[in-house]
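# Got a predicted structure here, sequence first:
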Amino acid sequence: MRAERCARTWSAVLLVMTSSVLTPVAWAGTSAWRRPATAPPPAADDHVPAVARGWPVGRRPEILRGWDPPAGPYGPGHRGVDLAAAPGDPVRAVAAGRVVFAGRVAGRGVVSVDLADTGDPPLRTTYEPVSASVGEGDEVEPGGELGVLETPTAHCPRACLHWGLRRGEVYLDPLALLPPWLLRAGPSRLLPLHNVPLP
């Protein structure tokens, strides 16, 4: 009798422990569950291959504002980078892909390109404000002109291109598309070789 009561007590304890452990999982799909404000965005395939073959504007533009991901889906932050450029400067595709949007959003010209061979869903680059010279469905090559930079908006203190990157709903750092040699400032220099035998 005592053993049976003991077994029932342990069963009740295990049931309570299991319920308390599983409760947050059950709430995860309901509105009662909230992600803490300091949590990073939901994890996804955030690997960004260095597929870019050039900058979208200029040869090595000044970065006016860097990527500053928000802590949550609606939090403050900067979901791209701002590159200094002049109105009328050509805006170019950084890699091969297909134009999925070319139009106006909130009064600004926007061009979005899904990059070829970058997974499912593909990486998508966005450029704004751009007066587009391409249309939805157009295939673009690295360095292909997408349009020209429009006059400045309130987004930047001076004329700039806002360059964004995302996979699905997750925003990523577009600078990660650039190989290291494109990120280096200044021209490449050959250094002298000392004590190296000639072939």
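That came through fine. Numbering: from 1, shown residues only.

# Any regions of this protein where pLDDT drops low?
Scanning the chain for pLDDT under 70 picks out the ranges 1-46, 77, 185-199.

# Break down it into its strands, ranges please.
With DSSP state E as the criterion, the chain has strands at 63-65, 81-84, 90-92, 97-105, 108-115, 123-128, 130-132, 139-140, 145-149, 160-167, 170-172.

# which one of the ones you listed lies closest to residue 74?
Among the strands of the chain, the nearest to residue 74 by C-beta to C-beta is strand 170-172 (12.4 Å). C-beta here means a position set from N, CA and C on the backbone, and glycine is covered the same way.

# could you say what helices and strands that closest one packs with?
strand 160-167 (3 or more C-beta pairs under 8 Å, 6 or more residues apart in numbering; DSSP states H and E).

# can you tell me which residues contact residue 123?
Contacts for residue 123 were tallied using C-beta atoms under 8 Å, 6 or more residues apart in numbering; they are 48, 51, 114-115, 165-167, 172, 177.

# actually residue 47, not the one I typed
Going by C-beta under 8 Å, 6+ apart, the list of residues near residue 47 is empty.

# Residue 167 versus that one, what's the distance?
Distance of residue 47 to residue 167, computed by C-beta to C-beta, to the nearest Å: 9 Å.

# before we move on, what about residue 70?
According to C-beta to C-beta, residue 70 and residue 167 sit 16 Å apart.

# okay, those two: which has more neighbours?
Using other C-beta atoms under 10 Å as the criterion, residue 70 and residue 167 rank with residue 167 on top: 20 against 15.

# and the more buried one, what are its bridge partners?
Taking DSSP bridges as the rule, residue 167 bridges to residue 123, residue 170.

# same deal with residue 65?
In this structure, residue 65 bridges to residue 82 when assessed by DSSP bridges.

# That one: how many residues sit nearby?
Other residues lying near residue 65 total 15 when counted by other C-beta under 10 Å.

# Also residue 141?
When neighbours are counted by other C-beta under 10 Å, residue 141 registers 12.

# Go ahead and confirm it touches residue 94.
No. Judged on C-beta atoms under 8 Å, residue 141 makes no contact with residue 94 at a distance of 10.7 Å.

# hang on, the earlier thing: need the contacts of residue 123 in a markdown table with distance to residue 183, can you?
Listed next are the contacts of residue 123 as a markdown table, based on distance: C-beta to C-beta, whole Å:
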| residue | distance to residue 183 |
| --- | --- |
| 48 | 13 |
| 51 | 14 |
| 114 | 23 |
| 115 | 18 |
| 165 | 15 |
| 166 | 20 |
| 167 | 21 |
| 172 | 16 |
| 177 | 10 |
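
# Hmm, residue 82 and residue 63 touching each other?
Yes. Look at residue 63 against residue 82 with C-beta under 8 Å: they come within range, at 7.1 Å.

# These two: which is more packed in?
Counted by other C-beta under 10 Å, residue 63 and residue 82 do not tie: residue 82 has more neighbours, with 22 against 15.
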